[in-house]
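Q: Please find the sequence and the predicted model below.
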Amino acid sequence: MEDMLRVGVITSTHGIRGEVKVFPTTDDPLRFKKLKKCVIDGKREQVAVTVSSVKFFKQFVILKFKEFDDINDIEKYTKCDLLVSREDAVKLEPGEYFICDLIGLDVITDEGKHLGVLKDVLETGANNVYEVEADNGESYLIPVIDQCILDHNLDKKTITVHILPGLLDINK
């Protein structure tokens, strides 16, 4: 499990007083209202920062950090990830998982067959889709619906799936 979770990417500066425009990579952009501290994953270093103000503009979040008061000081962090510690992350409901915790898990069928390794989670709107890479290099797309996803076991590092008739044939 990763200790730090990405909540956004700094896309550009905003104004001349050290504010930044952040593209949120979280399911809940409103989580930024409660954000107090985070880490900028810079090109050469990680910088711990304290959030002093939060505004919303279209699909972006405008953040001001206590440590930066000038555009010249913050602009070197454009295109950098914004991270939070796992302790400061949004609390998950039972049955919810951070995507980064799922990537790399072994995907096993309910018949005990090793299908492959979870490579990505595609967010489609209706339901997420797991991209599974098989041992032979083939990729399978498995919808994240109750009929297909039976269990996530982070301790055993497995996801148990039920393959609906014809599902793997569609993926070829």
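A: Structure received.
Q: can you pull out the helices in the chain?
A: With DSSP state H as the definition, the chain shows helices at residue ranges 71-74, 99-102, 167-170.
Q: how far is the last one from where the chain is centred?
A: What it means is helix 167-170. Offset of helix 167-170 from its chain centre (C-alpha atoms, centre = their mean, to the nearest Å): 27 Å.
Q: List the buried residues for that helix?
A: The neighbour-count criterion (16 or more other C-beta atoms under 10 Å) identifies 167, 168 as the buried residues of helix 167-170. Bear in mind the C-beta positions are built from the backbone N, C-alpha and C, glycine included.
Q: So which helix or strand of the chain has the lowest pLDDT on average?
A: For the chain, scoring each helix and strand by mean pLDDT, DSSP states H and E identifies helix 167-170 as the least confident one, at a mean of 76.
Q: Show me what that one is packed up against.
A: Helices and strands touching helix 167-170, by 3 or more C-beta pairs under 8 Å, 6 or more residues apart in numbering; DSSP states H and E, are strand 139-143.
Q: Partner strands of the strand it packs on, with direction?
A: strand 128-133 (antiparallel) (DSSP bridges).
Q: Who does residue 54 form a beta bridge with?
A: According to DSSP bridges, beta-bridge pairing links residue 54 with residue 63.
Q: Share the number of residues neighbouring it, please.
A: The criterion is other C-beta atoms under 10 Å. On that basis, residue 54 has 15 neighbouring residues.
Q: from here on, count from 47
A: Sure, I'll start numbering at 47, so the last one becomes residue 100.
Q: confidence score at the residue nearest in space to the middle of the chain?
A: For the chain, the residue whose C-alpha lies nearest the mean C-alpha position (C-alpha atoms, centre = their mean) is residue 145; its distance is 5.4 Å. In the prediction, the pLDDT value recorded for residue 145 is 89.
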